[in-house]
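Asker: Structure for this input, please:
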Amino acid sequence: MNCRLTSAREVARLNRAFSGQDASTDVLAFPAGETAAGFAFTLPPGPVPELGDIVISVPDACENAPGSPVEEVRLLAVHGLLHLLGHDHHGAEEARTMTMETRRLLRLAAGRRGEAAPRVPALVPAGR
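Answerer: Coordinates of the predicted model:
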């Protein structure tokens, strides 16, 4: 898995190129097993295939952070990872499941650092 921290402009360019949406967003996830129109991609042989790429807009993360920008980047990285693993939040049940998994992973990571778990807002189903 690769995670790129970049500008809002770069994220907007990628969003336009791969999703057809002419806007910036805080995080994009590109699963390695999927192909975009006009692109051919095959997983390389080997015991551990790559999951894909996560791209995070640092300016958007900082602007949207209710608390620490570092916590927001962690939240976005986990959000992107869950998308790479096949989770989505188009429906209410999917949004609940993805929220619970996000909270679980961030709680585990915070515990390993000896920190309190961050507050994770419930995901709203996409498109609402």
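Asker: so where's the longest helix in this protein?
Answerer: Among the elements of the chain assigned as helix by DSSP state H, the one spanning the most residues is helix 92-113.
Asker: Given the helix or strand hosting residue 56, what are its sheet partners and their directions?
Answerer: Assigned by DSSP states H and E, residue 56 falls within strand 52-57. Using DSSP bridges, the neighbouring strands of strand 52-57 in the sheet come out as strand 2-6 (parallel), strand 27-31 (antiparallel).
Asker: now, of these, which is deepest in the fold?
Answerer: Mean neighbour counts were compared across those using mean count of other CB atoms under 10 Å; the top stretch is strand 27-31, at a mean of 21. All C-beta spots, glycine's among them, are computed from the backbone N, C-alpha and C.
Asker: which residue is nearest the middle of this structure?
Answerer: Centrality entry for the chain: nearest residue to the mean C-alpha point is residue 80, 1.8 Å, by CA atoms, centre = their mean.
Asker: CA-only coordinates of the host helix or strand of that residue in CSV, if you can.
Answerer: Per DSSP H and E, residue 80 falls inside helix 69-84. Taking Å, rounded to 0.1, in the frame of the first residue of the first chain, the C-alpha atoms of helix 69-84 are listed here in CSV:
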residue,chain,number,x,y,z
PRO,A,69,-4.5,17.7,11.9
VAL,A,70,-2.4,14.6,12.7
GLU,A,71,-5.4,12.7,14.0
GLU,A,72,-7.4,13.8,10.9
VAL,A,73,-4.7,12.4,8.6
ARG,A,74,-4.7,9.2,10.6
LEU,A,75,-8.5,9.0,10.2
LEU,A,76,-8.3,9.6,6.5
ALA,A,77,-5.5,7.0,6.1
VAL,A,78,-7.7,4.4,7.8
HIS,A,79,-10.7,5.5,5.8
GLY,A,80,-8.7,5.0,2.6
LEU,A,81,-7.3,1.6,3.8
LEU,A,82,-10.8,0.4,4.4
HIS,A,83,-11.8,1.4,0.9
LEU,A,84,-8.8,-0.6,-0.4
